[in-house]
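[1] The following comprises the amino acid sequence and a computationally predicted model.
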Amino acid sequence: MAQQYIGAVDQGTTSSRFIIFDKKGRIKAVDQKEHKQIFPKPGWVEHDPMEIWKNTGEVIQGALRKAGLKGSDLAAIGITNQRETTVVWDRSTGKPFYNAIVWQCTRTHDICKQLIANGGQDRFRATTGLPVATYFSGPKIKWIMDNVPEAAHAMADGSAIVGTMETWIIWWLTGGPRGGAHVTDVTNASRTMLMDLTSLDWDNNILGELGIPRECLPRIVPSSDGESWGPTMEDGPLGARVPVCGALGDQQAALVGQACFDIGQAKNTYGTGCFLLMNTGNTPVPSTQGLITTVGYQMSGEKPFYCLEGSIAIAGALVQWLRDNLGLIQNAAEVEELAAKVDDNGGVYIVPAFQGLFAPYWRPDARGVMCGLTRYATKHHIARAVLEANAYQTRDIVQAMNRDSGTDLTSLKVDGGMVANNLLMQFQSDILDVPVIRPKVSETTCLGAAYAAGLAVGYWGSLDELRQNWAEDRTWQPAMEADARAEACHGWEKAVQRTFDWVE
């Protein structure tokens with residue numbers, strides 16, 4: 001029985017999960033627990049880091065229990081995480097100085113405005129691949145330093161350390177205050193707006209611009225690291241010493257889980273947000289179309305692979321809004337049934353710019369709109385507009401990616417919770433005019449983290465072995481006439497324009 005499986009922590013925006021995989025990439029067991037979403041002010045989003053660590057321990061134990069396994073039955077542990085979400089904590093106690101500031105949070109708008117005023121939105125893009133935006137971690141760290149005196153003092157004297165959520169989880173898994181590893185993998189580091197994409201090191205000029213001490217930042221490591229960052233503690237949730245040696249930001253993890261190891265391969269993940277990544281090889285491709293250049297993954301001892309990425313802030317979260325804020329559905333699965341009662345959106349469009357618009361627009365001044373309403377419109381049209389918004393936002397990204405890469409996307413691999421929605425997947429294929437392909441294992445984010453850890457310890461021998469694990473579940477073919485597609489997209493483009501300049 002010993003070491004027949006790999007475990008992966010998926011520390012997501014709304015929940016934490018632990019999934020145990022076998023050699024074929026099949027799920028042996030899973031456990032999941034949601035954590036509280038904290039909204040102190042409009043546009044502000046926070047999480048309690050201690051609640052997340054507690055939940056992580058509980059889901060690890062829950063999955064092991066369901067599988068009838070012990071921690072010692074796992075060959076390695078990988079971590080994948082909500083990216084950009086940032087926490088600052090005391091290195092000797094593990095106590096956070098403030099709640100984690102979530103990737104969706106817009107509180108750093110003024111900091112970003114000041115940075116843009118002194119050099120433009122693209123002032124750091126040549127170095128980091130990123131525009132100046134509230135999305136990224138660097139301005140969040142500066143906000144904590146500017147607004148939490150205790151944290152600022154601790155960062156200045158070296159008693160505070162900083163990290164994104166995989167750093168936080170790895171630190172606790174490997175001992176926490178008792179010498180836990182303070183590391184971040186290259187994919188997460190590439191989302192801070194602080195890392196040089198070429199050198200894979202923190203950029204001193206940007207650190208100086210934001211006033212962030214280098215000493216408080218984690219060591220940057222490969223996504224799959226044969227050296228390991230340390231074993232888990234025997235008195236920790238696994239009850240055994242298991243190597244922790246794989247980490248990937250959630251969207252890069254899905255890229256690896258989808259086996260997109262060849263240049264030009266792309267995947268789209270439909271989760272809280274929506275994220276489309278295309279593998280561009282060992283050289284960063286700068287974007288002129290509002291996309292992000294980011295690290296896709298780096299295996300131990302090898303050059304990194306880079307990606308173009310389109311990031312959408314609100315995807316599945318729009319369905320949650322329909323459920324929790326409007327009360328039109330009782331659970332997320334009902335949205336498809338509601339939307340399927342009409343043949344089209346009845347002229348209704350919803351643009352979910354709740355915290356501004358991310359790629360390819362980068363408009364923090366935008367706010368959500370529902371437009372095209374008439375007395376004809378019903379809750380069924382609204383439900384359909386909710387689903388269609390995800391497909392239209394993806395189309396905006398694909399068009400930008402086609403222009404940046406110089407090649408047109410010919411098919412799209414999809415994953416995430418929303419790919420169970422057949423109506424959405426068909427509409428996505430229709431609006432892109434390309435096949436949309438769902439894999440048999442839709443939990444590709446966790447699978448990618450498991451692959452990173454398993455490769456590091458030799459549980460899997462090569463990328464070819466991972467390619468062979470991938471299998472198609474279903475493919476949707478486009479069935480919309482070109483004129484109908486053009487008319488529908490024109491309506492969407494008009495709706496997007498209505499969101500601009502709302503916040504002055």
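    Great, that's in hand.
[2] Which residue ranges of the stretch 351-500 of the chain form helices?
    Counting by DSSP state H, counting those that start in this stretch, the stretch 351-500 of the chain forms helices over residues 379-405, 422-432, 444-457, 463-469, 482-498, given from the N-terminal end onward.
[3] Generate CSV for those, with mean pLDDT, distance to Trp476 and mean neighbour count as supplementary columns.
    C-betas here are computed from N, CA, C, even on glycine. Listed next are the helices of the stretch 351-500 of the chain as CSV, based on pLDDT from 0 to 100; distance: least, Cβ to Cβ, whole Å; neighbours: other Cβ atoms under 10 Å:
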stretch, mean pLDDT, distance to Trp476, mean neighbour count
helix 379-405, 93, 11, 22
helix 422-432, 96, 4, 21
helix 444-457, 94, 17, 30
helix 463-469, 91, 22, 15
helix 482-498, 96, 15, 14
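[4] a markdown table please, covering these and showing distance to Ala117.
    Formatted as a markdown table, the entries for the helices of the stretch 351-500 of the chain read as follows, by distance: least, Cβ to Cβ, whole Å:
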| stretch | distance to Ala117 |
| --- | --- |
| helix 379-405 | 26 |
| helix 422-432 | 37 |
| helix 444-457 | 37 |
| helix 463-469 | 45 |
| helix 482-498 | 25 |
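[5] just so I know, which of the ones you listed lies nearest Arg367?
    Distance to Arg367, taken as Cβ to Cβ, is lowest for helix 482-498 among those, at 9.8 Å.
[6] what's next to the closest one, contact-wise?
    Around helix 482-498, the neighbours that count as contacts under Cβ atoms under 8 Å, 6 or more residues apart in numbering are 347, 349-351, 357, 361, 369, 371-372, 392, 395-396, 430-431, 433, 480.
[7] Show the contacting residues for the spatially closest residue to Gly25 that is not a sequence neighbour.
    Excluding the flanking residues, the one nearest Gly25 by Cβ to Cβ, 6 or more residues apart in numbering is Asn469, at 4.0 Å. With contact taken as Cβ under 8 Å, 6+ apart, Asn469 is in contact with 24-25, 259, 441.
[8] can we see that at 10 Å?
    Remark: with contacts taken as Cβ atoms under 10 Å, 6 or more residues apart in numbering, Asn469 is in contact with 21, 23-26, 257, 259, 439-441, 447, 451, 460.
[9] Can you show me the strands along the stretch 1-150 of the chain?
    For the stretch 1-150 of the chain, the strands identified by DSSP state E, counting those that start in this stretch occupy 5-11, 15-21, 27-34, 46-47, 74-81, 86-90, 100-101, in order along the chain.
[10] Any buried residues in the first one, and which?
    Right, strand 5-11. Neighbour-count burial for strand 5-11, with 16 or more other Cβ atoms under 10 Å as criterion, is recorded at 5-11.
[11] what's the answer for the third one, then?
    Buried residues in strand 27-34, defined by neighbour count with 16+ other Cβ under 10 Å: 27-33.
[12] quick check, distance from stretch 265-273 to the centre of its chain.
    Computed by Cα atoms, centre = their mean, to the nearest Å, the chain-centroid distance of stretch 265-273 equals 9 Å.
[13] ok, Leu291 touching Ile312?
    No. With contact defined as Cβ atoms under 10 Å, Leu291 does not reach Ile312; the gap is 11.6 Å.
[14] what about the helices in the stretch 1-150 of the chain?
    Under the criterion DSSP H, counting those that start in this stretch, helices of the stretch 1-150 of the chain are mapped to 49-67, 109-117, 125-128, 137-147, 149-157.
[15] okay, these, which one's buried deepest?
    Comparing these by mean neighbour count (mean count of other Cβ atoms under 10 Å), helix 137-147 comes out on top with a mean of 23.
[16] Do you know the pLDDT at Arg363?
    Reading off the confidence values, Arg363 has pLDDT 89.
[17] oh sorry, the question was meant for Gln3
    In this prediction, Gln3 carries a pLDDT score of 64.
[18] can you check Ala152 too?
    Among the per-residue scores, Ala152 shows a pLDDT of 94.
[19] For the nearest residue to Trp53 once chain neighbours are set aside, give me its contacts.
    Nearest non-adjacent residue to Trp53, counting by Cβ to Cβ, 6+ apart: Trp172, 5.3 Å away. Each residue near Trp172 by Cβ under 10 Å, 6+ apart is listed here: 49-50, 52-54, 56-57, 89, 94, 180, 232-233, 236-237.
[20] so Trp172, which of the three states?
    When states are read from DSSP: H, G, I helix; E, B strand; the rest coil, the local structure at Trp172 comes out as helix.
[21] Dump the contacts of Trp172 into CSV; add pLDDT and distance to Leu387 as well.
    As requested, the contacts of Trp172 are arranged in CSV below (pLDDT from 0 to 100; distance: Cβ to Cβ, whole Å):
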residue, pLDDT, distance to Leu387
Pro49, 97, 33
Met50, 97, 36
Ile52, 97, 30
Trp53, 97, 35
Lys54, 97, 34
Thr56, 97, 32
Gly57, 95, 36
Trp89, 97, 39
Gly94, 96, 42
Gly180, 94, 42
Thr232, 93, 41
Met233, 92, 44
Gly236, 90, 41
Pro237, 92, 37
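[22] circling back: out of the helices of the stretch 1-150 of the chain, which is closest to Arg219?
    Closest among those, using Cβ to Cβ: helix 137-147, at 15.8 Å.
[23] which secondary structure elements does the closest one contact?
    Helix 137-147 is packed against strand 86-90, strand 100-101, helix 109-117, helix 149-157, strand 160-164, helix 204-210, with contacts defined by 3 or more Cβ pairs under 10 Å, 6 or more residues apart in numbering; DSSP states H and E.
[24] Looking at these, spot the one closest to Ala400.
    Across these, the minimum distance to Ala400, taken as Cβ to Cβ, is reached by helix 109-117, at 20.4 Å.
[25] thought Gln11 was touching His35?
    Yes. Under the criterion of Cβ under 10 Å, Gln11 is in contact with His35, at a separation of 9.3 Å.
[26] Spit out the residues that contact these two alike.
    Jointly contacting Gln11 and His35 under the rule Cβ under 10 Å, 6+ apart are 47, 52, 55-56.
[27] ok, those residues vs Gln298, which is closest?
    The shortest distance between Gln298 and any of the shared contacts of Gln11 and His35, using Cβ to Cβ, involves Thr56 and amounts to 24.2 Å.
[28] Nearest residue to that closest one in space, ignoring adjacent ones along the chain?
    Leaving aside its chain neighbours, Thr56 sits nearest to Ser16 (5.0 Å; criterion: Cβ to Cβ, 6+ apart).
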